[in-house]
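Enquirer: quick one, fold the following:
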Amino acid sequence: MTGLVLVGAGNIAQSIHLPILTSFTGVKICSIVDRHVAKGRIIADKHGIEHVTKSLEEALSLPNVDAVIVTTSTDAHAEVALAAVQAGKHVFIERPAARTLLETVAIRSAAAEAGVNVMIGMNHRFRPDVVHMKNAIDRGEIGPVFYVKAGWVKQRTSDARWMANADKSGGGVLIDLGVAVIDMILHVFDFGRVRSVMANTFHHETKSVEDVVVAMLSFENGSVATIETSWSLMRAEDLFYCNVFGKKGSAFINPFRLVKRMGSAFQTTQAQQLKSQLTIYRKSYESELKHFINSVRGIVPMISTIGEAIERMKVIEAMYASAELKREIVIP
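Expert: Below you'll find the model as predicted:
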């Protein structure tokens, strides 16, 4: 039996993590930790969880706790993760890892000293279209990739107003949605290090944080990627996409398509997508959390590690610097 403590019983915990984790065989949620104990008690009763507390220390002292799931607002990520790893527990943190590069480095250092693993929630890695794309690229089906255009455009939800508070979130749409797009690019494509970034940010509907980001990443091998992410672009529906161009063909996601030239014509291969976007979204979280549990059990290696999160945060902080200084920033 794998024992978990869930910290932060907000919307994503209620709609995603708790329903999925309580459905797994051999997994027990030992405690919910939330500053609002009465709310936590209602949620715990719904899922058959006995223990509720606002004290993380109390929850970590319970018997048979193997790991901690962190679904708090971002300002609490580092504090909760540090307490958990220092107690010898593995940790899963919903993205982003923390508000800053400094906080992310502190989590990695503490985890290394304690000999435990930390995984950052990047559920898009487990989407079937992203998996199809990575496999096709790894097989060399479109040749060496030199250009990627990716983005995530959605409206900001009213139940997460804290995201527009820089002290709590660490930033705006870049650290909310952009970190997932950056992670997808760095995960799927073997471009090596990001050499430099050029970014522009806009503040249309928010004051203290950005709600639109348009940026370009240049890699050491000469490849480039452009990114757009927004809470406020005028679209009737959300958009999550990645268009990839190689020397022998191209690939696209949502849904997955592979395009190659056959003589004077183009051949398109498309994966059949029978599931709704909502089902794909939920299944990606299910696969991600299953991977984390299996990593805690020692069955599979941990992926989306805190070390990888540091590389993502280096890119994000360089993008913020580029937008502020209005020039290209070279990443050391």
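
Enquirer: and the residue nearest the centre of the chain, what does it touch?
Expert: Centroid-nearest residue in the chain, with CA atoms, centre = their mean: residue 122, separated by 2.9 Å. Applying CB atoms under 8 Å, 6 or more residues apart in numbering, we find residue 122 in contact with 95, 180, 183-184, 187, 288, 304. (Glycine included, C-beta is placed from N, CA and C.)

Enquirer: and which of the residues you listed is nearest residue 225?
Expert: Relative to residue 225, the closest of those is residue 184; by CB to CB it sits at 9.9 Å.

Enquirer: touching the helix or strand hosting the closest one from outside, list them.
Expert: Residue 184 is part of helix 179-188 when elements are defined by DSSP states H and E. With contact meaning CB under 8 Å, 6+ apart, helix 179-188 is reached by 95-96, 122, 124-125, 130, 133-134, 137, 148, 150-152, 191, 194, 217, 225, 227, 229, 242, 244, 304, 308, 311-312, 315-316.

Enquirer: can you map out the helices along the stretch 1-150 of the chain?
Expert: 11-12, 18-21, 37-47, 56-60, 77-86, 101-114, 128-138 (DSSP state H, counting those that start in this stretch).

Enquirer: which of these sits most buried?
Expert: Among the helices of the stretch 1-150 of the chain, helix 77-86 has the highest mean neighbour count (mean count of other CB atoms under 10 Å), at a mean of 22.

Enquirer: in PDB, list the C-alpha atoms belonging to it.
Expert: Provided in PDB are the C-alpha atoms of helix 77-86 (Å, rounded to 0.1, in the frame of the first residue of the first chain):
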ATOM      1  CA  HIS A  77       5.200  25.000  -3.200                       C
ATOM      2  CA  ALA A  78       8.700  25.400  -1.900                       C
ATOM      3  CA  GLU A  79       7.800  25.500   1.800                       C
ATOM      4  CA  VAL A  80       5.600  22.300   1.500                       C
ATOM      5  CA  ALA A  81       8.100  20.500  -0.700                       C
ATOM      6  CA  LEU A  82      11.000  21.300   1.600                       C
ATOM      7  CA  ALA A  83       9.200  20.100   4.700                       C
ATOM      8  CA  ALA A  84       8.200  16.900   2.900                       C
ATOM      9  CA  VAL A  85      11.600  16.000   1.500                       C
ATOM     10  CA  GLN A  86      13.300  16.800   4.800                       C
END
